[in-house]
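*Asks:* Predicted model, plus sequence, below.
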Amino acid sequence: MRAIIIAGGFGSRLRPLTTRHPKHVLPVAGVPFLMHQISKLADADITEVVLAASYRADQFEPIVTAAKGIGVTVRVETEDHPLGTGGAIRHAAESMAMRPDEGVVVLNGDQLSGHSIALQAEEFAAARADVSLHLVEVADPRAYGCVPTDDAGRVTAFLEKSPDPVTNQINAGCYVFRRSVIDAIPAGAEVSVERETFPELLRSGAAIIGHVEDRYWLDVGTPEALVQASRDIVTGAVRTPAYPYTPSERYVESGAEVHSRASVRGGSAVSRGARLGANARVDGSVVMGGAVIADGAAVIDSVVGPGARVGMRTTLRGTALGDDAMVGADCELTAGARVACGATIPDGAIRFSSG
């Protein structure tokens, strides 16, 4: 079986972290996010993956090289213009030589999941389905479109957001398609698989089944979610083959400089080239390569981009700093603050926020 990863989005919700990088290469627990997905596919014996790419596609080349190390061949197929999720799947599949009845695993490029792709693929084959959707149950489905299923597990509808949802099952962004279904998507057109392809298949009587697993799932689409995903991997709340280490309070990559009196805890991840000064505190956060956390600074539930600097005695809470951003000494940045790439916050800026 082969796989497609949809990796063409601009990552607007993740700005400023995505101003210079596609969201799929941002480090999560010290590993580019795509490698968590590729290693999960490798665990399901999938060794051929196509990345449906667009934004800053040149930055995927290190991923291609890293994937070879775990026995996975990755090709990057770049769109000339935006094709939507359905169009991206159709475009990526054109480079795959396979029979019309074979299954293709398709992953959204910003989902972290603990579910079994192998089990989903087995159920797809046993049911002779046209499409299988991974569904998860959420406590409050009002923020999502819902996907109800019948007693046999077949999808009965694709419903928009509602204040009174009929089910708490939502689309978790992992599919198995029969190749012939992908080939029926119009070539070269902008198509939404969620809003167009799936409802049309349902109206035509296609066999669409839901694969429901009550395991970890997270949409890694905001700085807050990226921090949570990294923290959950480091602490062991979710396991991924790309992170083989024992769950702990911290992951400090070789080549990071951490002062003996600095504190790293709460599932924090500190990348190679980062520097933490005396009495610096990093708690439940992501500190990317080349970032500097000065003496006495506190970084809490935050993400500090590559080359960014946090001044002495400054506190960040729920903050995202873009590449090469600089925050002066004695500042306090409150939850939700986002500092653009290369921007400078002067000394003593108290309670600076995004609002």
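*Replies:* Right, received. Where do you want to start?

*Asks:* which residues touch Ile6?
*Replies:* By C-beta atoms under 8 Å, 6 or more residues apart in numbering, the contact list for Ile6 reads 52, 85, 88-89, 106-109. Glycine gets a C-beta too; all of them are placed from N, C-alpha and C.

*Asks:* Among these, which lie within strands?
*Replies:* Mapping these onto strands (DSSP state E) picks out 52, 106-108.

*Asks:* which stretches of the stretch 151-300 of the chain form helices?
*Replies:* 179-183, 198-203, 223-235 (DSSP state H, counting those that start in this stretch).

*Asks:* can the ones you listed go into JSON lines with extra columns for distance to Asp295, mean neighbour count and mean pLDDT?
*Replies:* Shown next, in JSON lines, are the helices of the stretch 151-300 of the chain (distance: least, C-beta to C-beta, whole Å; neighbours: other C-beta atoms under 10 Å; pLDDT from 0 to 100):
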{"stretch": "helix 179-183", "distance to Asp295": "55", "mean neighbour count": "17", "mean pLDDT": "94"}
{"stretch": "helix 198-203", "distance to Asp295": "54", "mean neighbour count": "16", "mean pLDDT": "92"}
{"stretch": "helix 223-235", "distance to Asp295": "23", "mean neighbour count": "23", "mean pLDDT": "96"}
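
*Asks:* Can you say which of the ones you listed is nearest to Ala7?
*Replies:* helix 223-235 (15.4 Å; C-beta to C-beta).

*Asks:* tell me which strands and helices the closest one is in contact with?
*Replies:* Under the contact criterion of 3 or more C-beta pairs under 8 Å, 6 or more residues apart in numbering; DSSP states H and E, helix 223-235 touches strand 27-28, strand 111-113, strand 217-219, strand 268-270, strand 286-287, strand 303-304.

*Asks:* Most tightly packed of the ones you listed?
*Replies:* Mean neighbour count (mean count of other C-beta atoms under 10 Å) peaks for strand 286-287 among the helices and strands packed on helix 223-235, with a mean of 33.

*Asks:* re the thing from before, can I get the helices of the stretch 151-300 of the chain in JSON lines including distance to Phe33?
*Replies:* Listed next are the helices of the stretch 151-300 of the chain as JSON lines, based on distance: least, C-beta to C-beta, whole Å:
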{"stretch": "helix 179-183", "distance to Phe33": "24"}
{"stretch": "helix 198-203", "distance to Phe33": "25"}
{"stretch": "helix 223-235", "distance to Phe33": "8"}
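
*Asks:* Who are the contact partners of the closest residue to Val25 other than its chain neighbours?
*Replies:* In this structure, Val25 finds its nearest non-sequential neighbour in Pro32, 4.7 Å apart by C-beta to C-beta, 6 or more residues apart in numbering. Contact analysis of Pro32 by C-beta under 8 Å, 6+ apart lists 24-26, 62-63, 66.

*Asks:* Those: which two are farthest apart?
*Replies:* Longest span within the contacts of Pro32, C-beta to C-beta: Leu26 and Ala66, 14.5 Å.

*Asks:* didn't Thr314 look like it was pressed against Ala294?
*Replies:* Yes - using C-beta atoms under 8 Å, Thr314 is in contact with Ala294, at 7.4 Å.

*Asks:* quick one: the residue nearest to Met98 when sequence neighbours are not counted and Val104, what's the gap?
*Replies:* Nearest residue to Met98 in three dimensions, chain neighbours excluded: Arg179, at 5.5 Å (C-beta to C-beta, 6+ apart). Computed as C-beta to C-beta, to the nearest Å, the Arg179 to Val104 distance reads 6 Å.

*Asks:* Could you name every residue contacting both of these two?
*Replies:* Joint contacts of Arg179 and Val104 (C-beta under 8 Å, 6+ apart) are 93, 96, 98.

*Asks:* Take the residues you listed and write them to JSON lines, including distance to Gly328, secondary structure and pLDDT.
*Replies:* Output for these, formatted as JSON lines (distance: C-beta to C-beta, whole Å; DSSP: H, G, I helix; E, B strand; the rest coil; pLDDT from 0 to 100):
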{"residue": "Ala93", "distance to Gly328": "50", "secondary structure": "helix", "pLDDT": "92"}
{"residue": "Met96", "distance to Gly328": "52", "secondary structure": "coil", "pLDDT": "89"}
{"residue": "Met98", "distance to Gly328": "56", "secondary structure": "coil", "pLDDT": "87"}
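
*Asks:* Give the buried residues for stretch 9-28.
*Replies:* For stretch 9-28, the neighbour count (16 or more other C-beta atoms under 10 Å) marks 9, 11, 13-18, 21-28 as buried.

*Asks:* Next: stretch 243-255.
*Replies:* For stretch 243-255, using 16+ other C-beta under 10 Å, the buried residues are 243, 250-253.

*Asks:* try stretch 258-269
*Replies:* Those would be 258, 262-264, 266-269, for stretch 258-269 by 16+ other C-beta under 10 Å.

*Asks:* ok, so of those, who is nearest Ala298?
*Replies:* Closest to Ala298, out of all of the buried residues of stretch 258-269 and judged by C-beta to C-beta, is Ser263, at 9.1 Å.

*Asks:* For the closest one, which non-adjacent residue is closest in space?
*Replies:* Arg281 (4.7 Å).

*Asks:* Pop the domain breakdown of this structure in here.
*Replies:* Listed domain ranges for the chain are 2-219, 248-352 (source: automatic domain parsing).

*Asks:* neighbours of Glu94, just the number please.
*Replies:* 12 (other C-beta atoms under 10 Å).

*Asks:* swap in Asp45?
*Replies:* Asp45, neighbours per other C-beta under 10 Å, totals 11.
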